[in-house]
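Undergrad: no sequence for this one, just the structure:
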């Protein structure tokens, strides 16, 4: 049985809280400081594409390590000497 729409929305917000907050902050920022067509080139220049590329690569590597189980092994090695995680 499929959940009603409001329950699915509530479930999504709970599961993706960081995404929802970031989206709301971006929308609020766009409302407070709307982009002006004359300044679009300045907006494009303000984006640090190198940093975005590095973050993408870092996230890709971490996702690969997670899928390979490497992070779980490192966690167990680091917590082996302790009584609890």
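TA: Cool, the structure landed. Bear in mind the structure is a predicted one, so any value in this text is a computation, not a measurement.
Undergrad: what's the spacing between the residue positioned nearest the centre of the chain and residue 46?
TA: Of all residues in the chain, the one closest to the mean position by C-alpha atoms, centre = their mean is residue 19, 6.2 Å from it. Per C-beta to C-beta, to the nearest Å, residue 19 is found 22 Å from residue 46. Bear in mind the C-beta positions are built from the backbone N, C-alpha and C, glycine included.
Undergrad: tell me the strands in the chain, going along the chain?
TA: Taking DSSP state E as the criterion, the chain contains no strands.
Undergrad: what's in contact with the worst-scoring helix or strand of it on mean pLDDT?
TA: Here the helix or strand of the chain ranked lowest by mean pLDDT, DSSP states H and E is helix 40-46, holding a mean of 82. With contacts defined as C-beta atoms under 8 Å, 6 or more residues apart in numbering, helix 40-46 is touched by residue 35.
Undergrad: and that helix, how far out from the chain middle?
TA: 23 Å (C-alpha atoms, centre = their mean, to the nearest Å).
Undergrad: residue ranges with poor pLDDT in the protein?
TA: Across the chain, the ranges flagged by pLDDT under 70 are 1, 82-85.
Undergrad: how is it divided into domains?
TA: 1-39, 48-84 (the TED database).
Undergrad: thinking again about what came up before, for residue 63, see how far away the residue nearest to the centre of the chain is.
TA: Residue 19 is 16 Å from residue 63, by C-beta to C-beta.
Undergrad: residue 4 now?
TA: For residue 4, the distance to residue 63 - C-beta to C-beta - is 33 Å.
Undergrad: for residue 79, same thing?
TA: 22 Å.
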